[in-house]
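>>> A structural model of the following input is requested.
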Amino acid sequence: MTAADVLAALRARGWMLATAESCTGGLVAAAITEIPGSSHAFDRGFVTYSNAAKVEMLGVNRATLDAHGAVSEPVAAEMAQGALDRSEAQIAVSVTGIAGPGGSAHKPEGRVCFGLAHGGRVLTETRDFGPLGRSEVRAAAVRHALNMVLSASFERRAR
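Numbers count the residues shown, from 1 in each chain. Predicted structure coming up:
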């Protein structure tokens, strides 16, 4: 799977993509926009590294951040929905995690939470990539986010 595959699938559906990124710092958007013609399927990207940015730019609820922390599926869900709501896109993916170094016993290095908003629903999942190092965790997160978008673009939905 490549970013070009994702773009082709989005174009085939007539969808535009929005991204909401924290630990990847815009790398998902960069992977997509590296491909010529990406403007036909990429609407915009939000890099919301701080909690304040998540609240201000994406509408993440402060209470959700306080209750679950930034690295959580509830925050990933609100990030994805916020990106979708604040764009012209039909699908949005979010990434929030701990690329490292560091982490804790409760939220270890390499833990990344993802959100995917489209078709009136938001799906979330968490992946523990392990302490691969900052660059490798971020690269793995980009691949996973792109795979989520690709999978969703192939779903058959009832109309």
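>>> partner strands of the helix or strand harbouring A92 and their direction?
Taking DSSP states H and E as the definition, A92 sits inside strand 91-97. Strand pairing for strand 91-97, using DSSP bridges, gives strand 17-21 (parallel), strand 111-118 (antiparallel).
>>> near G26, how many other residues are there?
15 (other Cβ atoms under 10 Å). Yep, even glycine has a C-beta here, placed from its N, CA and C like the rest.
>>> got a list of what it touches?
Contact partners of G26, counting by Cβ atoms under 8 Å, 6 or more residues apart in numbering, are T19, G45, V47.
>>> go again using 10 Å as the cut-off
Counting by Cβ atoms under 10 Å, 6 or more residues apart in numbering, G26 touches T19, T33, G45, F46, V47, Y49.
>>> would the last one count as being in a strand?
No: in this structure, Y49 is coil, not part of a strand, as judged by DSSP: H, G, I helix; E, B strand; the rest coil.
>>> model confidence at it, what's the number?
We note a pLDDT of 97 for Y49 in this prediction.
>>> then the one 5 residues further on?
K54 carries a pLDDT score of 98 in this model.
>>> over to the one 10 residues further on?
In this prediction, T64 carries a pLDDT score of 98.
>>> that one in helix, strand or coil?
Quick answer, by three-state DSSP: T64 is helix.
>>> spatially nearest residue to it, not counting backbone neighbours?
In this structure, T64 finds its nearest non-sequential neighbour in P74, 5.1 Å apart by Cβ to Cβ, 6 or more residues apart in numbering.
>>> the one you found touches S94, doesn't it?
No: using Cβ atoms under 10 Å, P74 is not in contact with S94, being 11.3 Å away.
>>> that older thread, by contact count, what packs against the one helix or strand the residue nearest to T64 maps to?
P74 is located in helix 73-85, with elements delineated by DSSP H and E. Helices and strands touching helix 73-85, by 3 or more Cβ pairs under 10 Å, 6 or more residues apart in numbering; DSSP states H and E, are strand 17-21, strand 42-47, helix 51-58, helix 62-68, strand 91-97, strand 111-118, strand 121-128.
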